[in-house]
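Build me a model from this:
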Amino acid sequence: DKVLICKKEGKKANEICVSGNAVASHLNKGDKLGSCTSSGLIASDGSERSALDASSLDVQAVRLTSYPNPFANQTTVSFSVPQTEQKVTLAIFDAVGNRITTLYSGKAEANVKNEFVFDSSQLPAGAYFARLVTSTGSQTFKLIVSK
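Okay, here's the model as predicted:
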């Protein structure tokens, strides 16, 4: 089994997966368990801030949501990015990681809400995932199809 570690390297923080027996070594070096953003936010200067300090950060977060969720036949998946991205990809995956469809691939303007309808009428009930990939990383959001 692998464990997610937030590895800080100077002003950067990267998420890595390590074996269970390597966790103690990483923690002793100052790395943290879990996502680099699960317990706090990494500012552009590399410092970690709590969610309460988010208003003082000089960057905004990528936003990925859907409504309604859970849903039976369709939902609207929306996203916005804090800075203009030349290429983003919004795709839907099933629970085992198979790509079901790509809702969008192209340019995204800063702070503009982009909305796309996901039609699940031909899919079985279950968990699906919307994944947004940008130049700075990716974000995943769970979708529940209930028939």
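
Downstream of the helix or strand containing Lys107, the next helix or strand is which one?
The secondary structure element spanning Lys107 is strand 99-108 (assigned by DSSP states H and E). Going down the chain from strand 99-108, the next helix or strand is strand 114-119, by DSSP H and E.

Going by neighbour count, list what's buried in that next one.
Taking 16 or more other CB atoms under 10 Å as the basis for neighbour counts, the residues of strand 114-119 that come out buried are 114, 116, 118. In this view, the C-beta of every residue, glycine as well, is placed from N, C-alpha and C.

Ala95 and Gly10: what is the separation?
The span separating Ala95 from Gly10 equals 37 Å under the rule CB to CB, to the nearest Å.

got it, and Asp119?
45 Å.

Likewise for Asp31?
From Asp31 across to Gly10, the span is 13 Å (CB to CB).

again, but for Ser146
In this view, Ser146 and Gly10 are 46 Å apart by CB to CB.

of these two, who's got more company?
For the pair Ser146 and Gly10, the greater number of neighbours falls to Ser146 (10 against 6), based on other CB atoms under 10 Å.

Verify the stated contact: Lys113 with Ser78.
Yes. Between Lys113 and Ser78 a contact is recorded at 5.6 Å, counting by CB atoms under 8 Å.

Mind picking out the helix or strand in this protein with the poorest mean pLDDT?
Every helix and strand of the chain was ranked by mean pLDDT, DSSP states H and E. The lowest is strand 41-42, at a mean of 44.

How many residues are close by Lys107?
Residues near Lys107, counting by other CB under 10 Å: 10.

confidence score at the closest residue to it other than its chain neighbours?
Distances taken as CB to CB, 6 or more residues apart in numbering place Gln86 nearest to Lys107, at 5.7 Å, with adjacent residues excluded. At Gln86 the predicted local confidence, pLDDT, stands at 94.

For stretch 92-99, measure first residue to last.
The first residue of stretch 92-99 is 6 Å away from its last residue (CA to CA, to the nearest Å).
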